[in-house]
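*Asks:* mind looking at a prediction? Sequence and model below.
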Amino acid sequence: MKPVLLDTDVLSLYLRQGDAAIVDHCRRYIRQHGRLTLSILTYYEVVSGLRYRDARKQLDAFHRFVARNTVLPSRSTPPR
């Protein structure tokens, strides 16, 4: 399985356990690669949505999830 970057929709379905096929695929991916990878933009979208809903328990759970996985930072300079 090639390394991938999760988008917000897929990550949300995984975190909510909302789609059995996505959950299964993510678990197999974690077994192979050790962790999931998301961008700082996906991180921001999830955090913003949880803060807007004042979902503190979910926000805490998301931060625990992020600590076990990888968030790719944005680039401060454009690629060459």
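*Replies:* Nice, I can see it.
*Asks:* now do the strands in this structure.
*Replies:* Secondary structure of the chain (DSSP state E): strands at 37-39, 70-72.
*Asks:* where does the prediction get shaky in the chain?
*Replies:* 75-80 (pLDDT under 70).
*Asks:* touching stretch 15-34 from outside, list them.
*Replies:* The contact list for stretch 15-34 (CB atoms under 8 Å, 6 or more residues apart in numbering) reads 1, 3-4, 10, 12-14, 36, 62, 65. Backbone N, C-alpha and C define where each C-beta goes, glycine included.
*Asks:* are any of the residues you listed buried, and which?
*Replies:* Buried residues within these, defined by neighbour count using 16 or more other CB atoms under 10 Å: 10, 12-14, 36, 62.
*Asks:* which of those sits closest to N69?
*Replies:* Nearest to N69, judged by CB to CB, of the buried ones among the contacts of stretch 15-34 is L36 at 4.6 Å.
*Asks:* quick one, what contacts the closest residue to that closest one other than its chain neighbours?
*Replies:* In space, and not counting its chain neighbours, L36 is closest to N69: 4.6 Å by CB to CB, 6 or more residues apart in numbering. For N69, the set of contacting residues under the criterion of CB under 8 Å, 6+ apart consists of 35-38.
*Asks:* helices of this structure, residue ranges please.
*Replies:* 8-15, 20-33, 40-52, 56-67 (DSSP state H).
*Asks:* the shortest one vs helix 56-67, what angle?
*Replies:* Our comparison of helix 8-15 with helix 56-67, counting by axes from the mean of the first three to the mean of the last three CA atoms, to 10 degrees, yields an angle of 100 degrees.
*Asks:* try the second one
*Replies:* Following the same axes, to 10 degrees, one obtains 40 degrees for the angle between helix 20-33 and helix 56-67.
*Asks:* ok, back up a step: list buried residues within the contacts of N69.
*Replies:* The neighbour-count test (16+ other CB under 10 Å) marks 36, 38 as buried among the contacts of N69.
*Asks:* please consider this matter closed, and thank you.
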